[in-house]
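Engineer: let me see the structure of the following:
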Amino acid sequence: MAKAIHTMVRVLDLDRSIEFYSKAFGLEVADHFDFDGFALVYLRNAENDFEIELTLNKGRAEPYAHADGYGHLAVCVDDLDAEHGRLRDLGLAPLDIKEFHREGALMARFFFLQDPDGYKIEVLQRHGRYQ
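Structural biologist: Residues are numbered from 1 along each chain as shown. Okay, here's the model as predicted:
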């Protein structure tokens, strides 16, 4: 069986992206590989071994187009309200908390924010299938 190990996003400024993911989610650099035309940085935290791979294509100045197929990365937290407030206080501009209900029961509480390159990140309250 396959194991999911990372997801990759292309970024324009490694330092800015590393700082965002560290402040927002406690992700730290696990590895950094520098090549002639690009660099790869792998971020993770103690919660698990799934990583975000930041890819910097050297010399690129214009933002990447996310097209209409990109969705989002999702993380879950123990206290959604506290996390929303913490991210807001850091100036990271989380959107309002929303709720989904299905058949009269709470399915999910969540909010979105964007990283410095415009990638959407969904932050969910640990609940039900979102553990």
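
Engineer: give me the contacts around the longest helix belonging to the chain.
Structural biologist: With DSSP state H setting the assignment, residue counts place helix 14-25 as the longest helix in the chain. Contact with helix 14-25 is made by 11, 27-29, 39, 41, 43, 45, 52, 54, 56, 75, 87, 90, 92, 113, 115-117, 121, as judged by Cβ atoms under 8 Å, 6 or more residues apart in numbering. All C-beta spots, glycine's among them, are computed from the backbone N, C-alpha and C.

Engineer: just the buried ones from those residues?
Structural biologist: Of the members of the contacts of helix 14-25, the ones counted as buried by neighbours, 16 or more other Cβ atoms under 10 Å, are 11, 27, 39, 41, 43, 45, 52, 54, 56, 75, 87, 92, 113, 115-117, 121.

Engineer: out of the contacts of helix 14-25, which sit inside strands?
Structural biologist: Assignment to strands by DSSP state E places the following of the contacts of helix 14-25 there: 11, 28, 29, 39, 41, 43, 52, 54, 56, 75, 113, 121.

Engineer: next up, the contacts around the second one.
Structural biologist: If I follow you right, that is residue 28. 22, 43, 44, 45.
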